[in-house]
Each structure stands twice: as structure tokens, then as C-alpha cells.
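> Build me a model:
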Amino acid sequence: MAEQPVLLFLHEANGSLQFLCGAESHGADDAVRVHVSHLLDKNPDLLDMPVVDPGHEAERSAQDRTWTVQPIPDDY
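Numbers count the residues shown, from 1 in each chain. This next block holds a predicted model:
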């Protein structure tokens, strides 16, 4: 699969971080662990992401769009 831009970032209440492309067709088997430095090397635009407190997410519709921060929905 081709690399996709990060469009959804989750900062879970337990401190876990997830950087996702936003596609709904991915499952747990698609997950890959990477060091954040490697992620930033390939996605330097993530340095412009706003502060996202635990229990919140940041989402954007495209790589060149503004991030929207909101609480993580209960049904996530």
C-alpha cells in the first residue's frame, strides 16, 4: 500500500498515540509501530499540529488543511 498522509491523530486518555490516514478499511493487522522521529522525517507537516490533550483527537480533511481538535468520541 502506498504511503498516505496522516489525517487523524489520537491522544488516548491512557497516553497512547495513534497517527492514522483516516481510512476506515484498515484493521489491527495494518498497524505498524514506528518511532515518532521516523514519522516526522516522512511527515514534517505534523510539526504544525496543534497541542492535543489526552482524550482528544486532531483531524483534517487533507494534508494541506487545518487540524480540528475535539474529544475522542465515546464510540471510537
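
> give the contact list for the residue nearest to residue 36 when sequence neighbours are not counted.
Leaving aside its sequence neighbours, residue 36 sits nearest to residue 17 (C-beta to C-beta, 6 or more residues apart in numbering; 7.7 Å). Where C-beta positions appear, they are placed from N, C-alpha and C, glycine not excepted. Contacts for residue 17 (C-beta atoms under 8 Å, 6 or more residues apart in numbering) come out as 9-11, 36.

> how near is residue 17 to residue 65?
Going from residue 17 to residue 65 by C-beta to C-beta, to the nearest Å gives 21 Å.

> so what's the residue nearest to residue 36 bridging to?
residue 11 (DSSP bridges).

> Give me the pLDDT for it.
At residue 17, the model reports a pLDDT of 92.

> What is the neighbour count of the residue nearest to residue 60 when sequence neighbours are not counted?
With sequence-adjacent residues excluded and distances taken as C-beta to C-beta, 6+ apart, residue 60 is closest to residue 67, at 5.0 Å. If you count neighbours by other C-beta atoms under 10 Å, residue 67 ends up with 16.

> what sits against residue 67?
If a contact means C-beta under 8 Å, 6+ apart, then residue 67 has 9, 48-50, 58-60 as its contacts.

> Now render those as a markdown table, adding neighbour count.
As requested, the contacts of residue 67 are arranged in a markdown table below (neighbours: other C-beta atoms under 10 Å):
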| residue | neighbour count |
| --- | --- |
| 9 | 21 |
| 48 | 8 |
| 49 | 15 |
| 50 | 11 |
| 58 | 21 |
| 59 | 15 |
| 60 | 18 |
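
> No further queries at this time; thank you.
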